[in-house]
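S.K.: Structure for this input, please:
(chains A and B)
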Amino acid sequence: MIDERIFQQFSEIGRDLYEHQMISSHGGNLSIRLGDRIIIKRRGAMLGRLRPHDLIETGIDKNDSGVALASTELLAHRTIYQQTPALSICHCHPRTAIALSLSRDEIVPIDNEASYLLKKIPVIWEEFASGTPEMANKLAAALQQYKIVFLRGHGSFAIGQTLDEAFFWSSTLEEACEIILKAKIINEPFIEYRGMSNAYNKW
Amino acid sequence: MNGWAGKVLDIDLTAGTSRTYPLDEKLAHLFLGGRGLGARMLWDEVGPSVDPLAPENVLIFTNGPLTATGYQTSNRFSVSTKSPLTGTVLDANSGGFWGMQFKKAGYDALIVRGKAEKPVYIELKPDGATINDAAHLWGKRVRETTQLLGQNNNKRNVLCIGPAGENLSRIAAIMNDGERALARGGPGAVMGSKHLKAIVVEGKQRPDIVDAERFKFLLYETRKMLKASPLTSQALPEFGTSVVMNLLNNIGALPTRNYQASVFDQAEAISGEALTDKYLVKNASCWACPIGCTRISKTDKVEGEGPEFETTWAFGASCGIDDLAAIIEANSICNDLGFDTISAGATIACAMELTEKGQLDSDLRFGRADLLASTLEDMGQRRGLGAELADGSLRLATRYGAPELSMSVKSLEMPAYDPRGMQGQGLLYATSNRGACHMRGNMLGLEVLGLPKLIDRFQVQGKSGYVILHQNTAAAIDSLVICKFTNMGVSEEYFARALTSVTGVPYATGDLIKVGERTYNLERLYNIREGFTRADDTLPPRLLNEAVAEGPSKGWVSKLEPMLNEYYRARGWDQNGVPQAKKLAELQLTDLVEAVR
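M.R.: Sure thing, here's the model as predicted:
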């Protein structure tokens, strides 16, 4: 039985992801780790309109019947929990970040908040970007070093102690990408205001 | 071995000899230093047949790979031993200057074994150690001893015990730099049992840093984050650790009168705000610390460092006392006698309840601020009832037929957070390897302060994951060794990157947390080898059975049992709390598993 408080966290953050256009109607997923168990969105459920039966519990290391209902990204979530200290994962499809990921190997924010919080976000890729062990392992390896990582042309995976925290990194990334895009549109010379900013790409 | 000095000094006080040998590089990479390395060495040195106060027990002083590098708060050091209070594995760490100097003397660890025939002190320099006569120091208090041995913060630093340690009080601390304490679990008594009065260090070797450019960037970013956080840049500097007094009281999680209530009506009078308004002379900082939470306080009778929040709570709300001057004076006496202030205050609170319940014939009653100073002096000299109080609350309460009135876990007195109003904190206390402790991870961040984000403090399902992560993180930080307050402004990701840049050994965030998990499991194995079981992972009956009567936590007890089951499963332990072989293999602890079969 999943605690009502846990459902409420999923429901509120799922709604926010949809309303902020960080996912399509059925896209993205959220999960939390409860020891050797994972609670994850049901496959095909809408994060913006979650109902209690849309949360599925299954094992992190072992399959049970819950796996038949879980999100298509279950493998990635499990691998991340197996290889990092994450307690929560937020996966979403932020549109400006997806656009920038098509031409960059890393996203280095230029705004103050994301510079403080994220420094840089690596962009990784695999030919089969969903549901493969190769992708899951590559993702988990990157998340050992960074709290948010981007899959080229696909979306972000962020980890945190709470869903709230993982969502925070995700929305900070999209905000940073919108600012990069707007600065490019304005196309005026950049006046550096940050100390040691040339070191951010070495983070 | 960049980051590590690469040397261990081993002193045998019985034989009066010392030897130096290289630090095992593999152990250094697996356990880093501080608490982790100390626990690993203790595993080999002190088995279950050893009485903690016998010469066969050892004191293992350790620093870590970040110590003395200049990374923010890289001043701390640790001591590991078998606790005379709890019988468990013990580590305690402290800030100030001594740890930095110890590293600069060129050692990662100092093992002290045996027992000197007469009182001695050790003088430690880069070219070796001498064992010196301490007859003129034995019996002297901490401040005088520190002064006589030539304390000079940037050149020569003194660590010593006071009368409490000499008289083998099981709640005696080891003091360093005059006012700082390796406090919990009675390490001062172990030092006293060895007739070791003090250790003086002088150092001059700065640690090497592999990637100085990257390290400089990390220093810059860490400083920026610590300044950005109001907690580390404003709250702690302005009000000290007691800034949380009112916060805890407001949510009904401030244990009052020996945990009989969780709201103290006079909390405002003993808060960080009151301390700053009325008694603060100035702030002070440990070496390389930009936070500066140390208080220099002054009353009509005393002037000195402190009191910290836990101390203020222990002599304040816990004893039903709202006289802040008396609390500051009690803290000063504890520092000079060499006591753990939490255990001292909580034991007096226990005596007060025993008296009020008719179990003990004494004058100690809640609110009797006038008796604090004389009671502590009696404890330090083991006079009258003080002799019984000097061994902590559980031995006292058991002697008077009411062990349930000792608010302790594994004999260690609980600190200032009521588990009935912070469900995760109860699980944390119950499963803490050295007994109830808020420094083995603390749910204050998640359940009260919103660090990194606020969670529901009454939620039970899922709490074990948070507790485990914070216990592992705390063990990793204690192995680096740096101050946990840094973690209030920057995440452990920064520490892993700093560690990598200093040592050249790649540590991802997960690797660092894994060091903590390895340490936690090793400590667990140690306690199992000592005979501890699931039955010891519990809380005082009051917290499990007596609902809070008034305030914001009204109606709540600690719902420990379901959290404990979830915790064991999440830890990879069986339902008796024994780490399973698969988990030990994952943590590279397989070589230890036979010892607990």
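
S.K.: The residue in chain A that chain B sits nearest to: neighbour count?
M.R.: Among the residues of chain A, residue A:35 lies closest to chain B, at 2.8 Å counting by CB to the nearest CB. (Each C-beta comes from the backbone N, C-alpha and C, glycine too.) Counted with other CB atoms under 10 Å in any protein chain shown, residues neighbouring residue A:35 total 18.

S.K.: contacting residues around it?
M.R.: The contact partners of residue A:35, taken as CB atoms under 8 Å, 6 or more residues apart in numbering or on different chains, are B:464-465, B:566-567, B:569-571.

S.K.: again, only this time at 10 Å
M.R.: By CB atoms under 10 Å, 6 or more residues apart in numbering or on different chains, residue A:35 lies in contact with A:60, B:462, B:464-465, B:468, B:565-572.

S.K.: On the three-state scheme, residue A:39 is what?
M.R.: Secondary structure assignment for residue A:39 (DSSP: H, G, I helix; E, B strand; the rest coil): strand.

S.K.: Quick check, residue B:245 in contact with residue B:263.
M.R.: No: contact criterion CB atoms under 10 Å: residue B:245 and residue B:263 do not qualify, at 11.9 Å.

S.K.: Compare those two (neighbour count), which wins?
M.R.: For the pair residue B:245 and residue B:263, the greater number of neighbours falls to residue B:245 (28 against 24), based on other CB under 10 Å.

S.K.: Look up the closest residue to the more buried one, ignoring the ones flanking it.
M.R.: Closest residue in space to residue B:245, ignoring its immediate chain neighbours: residue B:271 at 4.3 Å, by CB to CB, 6 or more residues apart in numbering or on different chains.

S.K.: Equivalent analysis for residue B:416, please.
M.R.: Distance criterion CB to CB, 6+ apart; nearest residue to residue B:416, sequence neighbours excluded, is residue B:313 at 3.7 Å.

S.K.: can you state the direction angle for the host helix or strand of residue A:56 and strand A:37-41?
M.R.: Assigned by DSSP states H and E, residue A:56 belongs to strand A:55-59. Angle of strand A:55-59 versus strand A:37-41, following axes from the mean of the first three to the mean of the last three CA atoms, to 10 degrees, is 150 degrees.

S.K.: Check which helices and strands strand A:55-59 sits against.
M.R.: Judged by 3 or more CB pairs under 10 Å, 6 or more residues apart in numbering or on different chains; DSSP states H and E, the packing partners of strand A:55-59 are helix A:4-19, strand A:29-34, strand A:37-41, helix A:74-83.

S.K.: Out of the ones you listed, which is the most enclosed?
M.R.: Comparing the helices and strands packed on strand A:55-59 by mean neighbour count (mean count of other CB atoms under 10 Å in any protein chain shown), strand A:29-34 ranks first with a mean of 26.

S.K.: what pLDDT, on average, does that strand get?
M.R.: Per-residue pLDDT values across strand A:29-34 average out to 95.

S.K.: Stretch B:526-540 now?
M.R.: Rounded mean pLDDT across stretch B:526-540 is 97.

S.K.: So which bits of it are buried?
M.R.: B:526-528, B:530, B:532, B:536-540 (16 or more other CB atoms under 10 Å in any protein chain shown).

S.K.: and if you look at stretch A:189-203?
M.R.: A:199-200, A:203.

S.K.: measure it end to end?
M.R.: Start-to-end span of stretch A:189-203 (CA to CA, to the nearest Å) is 24 Å.

S.K.: neighbours of residue B:292, just the number please.
M.R.: Residue B:292 has 17 nearby residues by other CB under 10 Å.

S.K.: I'd like to know how far the spatially closest residue to it that is not a sequence neighbour sits from chain A.
M.R.: Distance criterion CB to CB, 6+ apart; nearest residue to residue B:292, sequence neighbours excluded, is residue B:285 at 4.1 Å. Distance of residue B:285 to chain A, computed by CB to the nearest CB, to the nearest Å: 23 Å.

S.K.: pLDDT wise, what is residue B:285 at?
M.R.: pLDDT, residue B:285: 96.

S.K.: Quick check: it touching residue B:293?
M.R.: Yes: counting by CB under 10 Å, residue B:285 does reach residue B:293; the two are 8.1 Å apart.

S.K.: Now do the same contact list for residue 200.
M.R.: As the question left the chain open, I've gone with chain A. Shown in contact with residue A:200 (CB under 10 Å, 6+ apart): A:106, A:108-110, A:115, A:118-120, A:194, B:217, B:221.

S.K.: hm, I was asking about chain B
M.R.: Going by CB under 10 Å, 6+ apart, residue B:200 touches B:98, B:101, B:121-125, B:129-130, B:132, B:146, B:149-151, B:156-160.

S.K.: Repeat the analysis, applying 7 Å as the threshold.
M.R.: Applying CB atoms under 7 Å, 6 or more residues apart in numbering or on different chains to residue B:200 gives the contacts B:121, B:123-124, B:149, B:156, B:158.

S.K.: That one: what secondary structure?
M.R.: Once three-state DSSP is applied, residue B:200 turns out strand.

S.K.: now do residue B:75
M.R.: Under three-state DSSP, residue B:75 comes out as coil.

S.K.: now residue B:283
M.R.: Assignment for residue B:283 (three-state DSSP): strand.

S.K.: Mind pulling up the pLDDT for residue A:3?
M.R.: Per-residue pLDDT puts residue A:3 at 87.
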